[in-house]
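Asker: Okay, structure incoming, though there's no sequence with it:
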């Protein structure tokens, strides 16, 4: 490789690195000749876990019954039992649509949210739960950046 090609490759690599670096730490510069779009926040572990959950849910949809913790699956929701007690129930209900948190729901999410609550109703009736509650956490309280609901309650002997 001659000197000209080597210098050209180095300049292109430097320019690309500069642009990508500038885009990732973007701060507006007054009177800048080129203004880059603002970058979103760097990914945190919750975002990565939410992305992995989203990919997994899309790819495993319809095959989740083979996962031992999955106790119920519909076309729009699945429920996981995380209870370690025979008297206290704890389920995690997950809509099969990529929704980050309750603050980001839209009208298109209505069918998924309705199905999640109908799934909760089915589990409440099936398990005979009393003193139950359904809740979700905001983005700063979630371990995973993916909307899910917790259903907890006491099982009544049937």
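Answerer: Perfect, thanks for sending it. In this text the structure is predicted, and so the values were computed from the model without any measurement.
Asker: nearest residue to residue 111 other than its sequence neighbours?
Answerer: Leaving out its chain neighbours, the residue that sits closest to residue 111 by C-beta to C-beta, 6 or more residues apart in numbering is residue 76, at 6.2 Å. Every C-beta, even on glycine, is put in place using the N, C-alpha and C of the backbone.
Asker: Name the next helix or strand downstream of the helix or strand bottoming out on mean pLDDT in the chain, please.
Answerer: Lowest by mean pLDDT, DSSP states H and E among the helices and strands of the chain is helix 45-60, with a mean of 57. Per DSSP states H and E, the first helix or strand lying C-terminal to helix 45-60 is strand 70-73.
Asker: Paired strands for that next one, with orientation please.
Answerer: strand 77-81 (antiparallel) (DSSP bridges).
Asker: and the chain, what are its domains?
Answerer: 1-40, 45-155 (automatic domain parsing).
Asker: Mean confidence (pLDDT) on stretch 133-144, please.
Answerer: Averaging pLDDT along stretch 133-144 yields 82.
Asker: one step back: now the weakest link among the domains of the chain, please, by mean pLDDT.
Answerer: Looking over these, mean pLDDT reaches its minimum on domain 1-40, with a mean of 60.
Asker: Next, the distance between the ends of stretch 125-132.
Answerer: Using C-alpha to C-alpha, to the nearest Å, one end of stretch 125-132 lies 11 Å from the other.
Asker: buried ones in it?
Answerer: Across stretch 125-132, burial judged by 16 or more other C-beta atoms under 10 Å covers 127, 129, 132.
Asker: so the second one makes contact with residue 155?
Answerer: Translated: residue 129. Yes - counting by C-beta atoms under 8 Å, residue 129 does reach residue 155; the two are 6.3 Å apart.
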